[in-house]
Each structure stands twice: as C-alpha cells, then as structure tokens.
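Student: Sequence plus the predicted model coming up.
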Amino acid sequence: MVEITGFIALYIFLLAAFTGYEVIARVPVILHTPLMSGSNFVHGIVLVGAMVALGHAQTTLQQVIGFIGVVLGAGNAVGGWVVTERMLEMFRASREERKNG
C-alpha cells in the first residue's frame, strides 16, 4: 500500500480545490440553487468521511483537523438543506398564489 506523505496530500487537496472552483465558476447563476439541492447527498458523504478521518486520528493535530472537518462538513450539509427548503418554499408560495388568483 502506498503511504501518502504530507506533500502528496497537500497536492491532492489543492488539485481538488482548484477543480471544484473551476467547475462551480462555470455554472450559470440560475443553476446554483438546483445544483446545490441535487448535491446535498455529497455533503453527507463528506461529513461521514470527516467523521471516519476523525475516528482514525492519532495525534492532537490530526484530531483538531478532523474536528474542523466534521464541523465544516456538518455546516455545509445543514446549509444545503436550508437553501433547498427556502427554494421549495418559493415554489410552494407561487403555486398557491396561482390557485387562489
């Protein structure tokens, strides 16, 4: 099994961050909310991955980084859910207005 050193892990992280930024930057503004609502499951997977990483942490630094990952992953999942709920409320309100109006 190949051991991932700090530099390789940093390289993978920077590559993923750059790729994510480039993909999201090219999405039209009107598609951001549906894209977020459709990818909420990914936030859950990130949260589970952060919890697994925290569970395998051995040093204090690893535990701190894992804890920060869990907090940020949970915030991301909750934020995606809140945005989705607000978007659905907007559609529900307009549908009710059409029935009454």
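Tutor: On my side now, so go ahead.
Student: those helices in the protein, which residues are they?
Tutor: 6-25, 32-38, 40-55, 60-100 (DSSP state H).
Student: weakest of those helices in terms of mean pLDDT?
Tutor: Set side by side, the helices of the chain give their lowest mean pLDDT on helix 32-38, at a mean of 62.
Student: count of neighbours near Phe18?
Tutor: 10 (other CB atoms under 10 Å). The C-beta positions use only the backbone N, C-alpha and C, and glycine is treated the same way.
Student: Find the residue at the geometric middle of the protein.
Tutor: His43 (3.9 Å; CA atoms, centre = their mean).
Student: Could you pull up the residues touching the nearest residue to that one once chain neighbours are set aside?
Tutor: Among residues not flanking His43 along the chain, Ala77 sits closest, at 3.9 Å (CB to CB, 6 or more residues apart in numbering). By CB atoms under 8 Å, 6 or more residues apart in numbering, the residues touching Ala77 are Asn40, His43, Gly44, Val46, Leu47.
Student: Please tabulate the residues you listed in a markdown table and include distance to Tyr11 as additional columns.
Tutor: Output for these, formatted as a markdown table (distance: CB to CB, whole Å):
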| residue | distance to Tyr11 |
| --- | --- |
| Asn40 | 28 |
| His43 | 24 |
| Gly44 | 26 |
| Val46 | 19 |
| Leu47 | 24 |
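Student: just curious, which of the residues you listed is nearest to Ile8?
Tutor: Val46 (20.2 Å; CB to CB).
Student: which residues touch the closest residue to the closest one other than its chain neighbours?
Tutor: Using CB to CB, 6+ apart and skipping the chain neighbours, the partner closest in space to Val46 is Gly73 (4.7 Å). By CB under 8 Å, 6+ apart, Gly73 lies in contact with His43, Val46, Leu47, Gly49, Ala50, Met51.
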